[in-house]
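[1] sequence and predicted structure below; questions after.
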Amino acid sequence: MEESVARLFTDDIREEAARAFGAGGDSLESLGDFESYVYGYEADGENRVLRITHPSHRSAEQIEAELHWVEYLAERGVRFARPVRTRSGSWTHTVDRGEAVFHACAFERVPGRMPTAADFGPELFTEWGRFLGRTHALTRDYEPPSGTETRYSWSDDPYIQKGRSWIPEVDGHLRDQWTRTFDEMGRLPQDRDSFGICHTDLHPYNFHVHEGRIFGFDTDDCSYNWFVEDLSSVFYYGTGHEGAGKDRQEFFSWAWPAFWRAYKAEHNLDPIWLDRIHLFQRARVLTLFALLHMKFEPGDEEREPYLPKLRRLLERDGTILDFNYEDV
């Protein structure tokens, strides 16, 4: 969490947010604090997750737009963590202390566990493809409530708007790559079959597996984007998971066919978009590279192991593997 936000966040703010969703402040279990403060808690005999966010990251209206989309999908059988209302019946609760303002929301806690190396096989990638395909097929027909704010679009993401300036001047060639990459994305066509709200971050640490099914969560980064962004995310993070092994070519040879066949059985995405997966993977690597410079000081142990890896990827234009994502 940025120091400027951390200074404003107090026990009193956390406890009020917890009470709004039926939890005692002293019973919260910290689950993370990278972009929001996230806690596990129990209420009404159910395990839930509380998320407390500073307006510099998301407005209350943007959070409610996220929750409405998730509820729409959950009502139609997509296994995302469903939002939970406050005791007074609202989707969100704002804690206002004058200078310090935070927005809280809550979700059901999904069953199961994060996938392990033993889970990494064709069955998991078939389920992963089915899950995202179903999500995109339903999103084609999604309309936000009349008169409410829509979820932001990819180009309005603060990380994309500001990220180029976070890249050090010594990496000026990567600033040029940033401009070229996002200009190319901005020229892509947008239609309901290829563009809509995407999770954008459904990697193995943002879903659980339970009885052979995927249960997704952490929809905070959802935005209007090209559906292929979700596909690129699967294989960007999938290659880094221990379950993928060290032979990436072998990994892709079984993982991609299993994923793509299940995906296109649910959603008929034009295969022309497969040629653009590398573009979206490059955009992700650039964004992560910039974000690490913004979030952490030089020498920070949380950023230093990753920067050389990301820089090496970008030196070869962000391509993870010279793999042909072809229609199979």
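    In hand now; what should we look at?
[2] pretty sure Pro271 contacts Asp327?
    Yes. Using CB atoms under 8 Å, Pro271 is in contact with Asp327, at 4.0 Å. C-beta: built from backbone N, CA, C; applies to glycine.
[3] tell me which residue lies farthest from the centre of the chain.
    Relative to the centre of the chain, and counting by CA atoms, centre = their mean, the farthest-placed residue is Gly98 at 30.3 Å.
[4] which residues of the stretch 201-328 of the chain score low on pLDDT?
    317-322 (pLDDT under 70).
[5] what do you get if the cut-off is 80, keeping everything else the same?
    Low-confidence segments of the stretch 201-328 of the chain (pLDDT under 80): 299-303, 316-322.
[6] how about the strands in it?
    Remark: strands assigned in the stretch 201-328 of the chain by DSSP state E, counting those that start in this stretch are 207-210, 213-216, 223-226.
[7] which positions in the first one come out as buried?
    The reference is to strand 207-210. For strand 207-210, the neighbour count (16 or more other CB atoms under 10 Å) marks Phe207, His208, Val209 as buried.
[8] could I get it in PDB with only the CA atoms?
    The C-alpha coordinates for strand 207-210 follow below in PDB (Å, rounded to 0.1, in the frame of the first residue of the first chain):
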ATOM      1  CA  PHE A 207      -9.200 -18.600  -8.200                       C
ATOM      2  CA  HIS A 208      -9.700 -21.800  -6.200                       C
ATOM      3  CA  VAL A 209     -10.300 -25.300  -7.400                       C
ATOM      4  CA  HIS A 210     -13.000 -27.300  -5.700                       C
END
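[9] list the contacts for the residue lying closest to Phe296 once chain neighbours are set aside?
    Nearest residue to Phe296, sequence neighbours excluded (CB to CB, 6 or more residues apart in numbering): Arg303, at 4.0 Å. Neighbouring residues of Arg303 by CB atoms under 8 Å, 6 or more residues apart in numbering: Leu292, His293, Lys295, Phe296.
[10] can you check Glu99 too?
    The contact partners of Glu99, taken as CB under 8 Å, 6+ apart, are Leu8.
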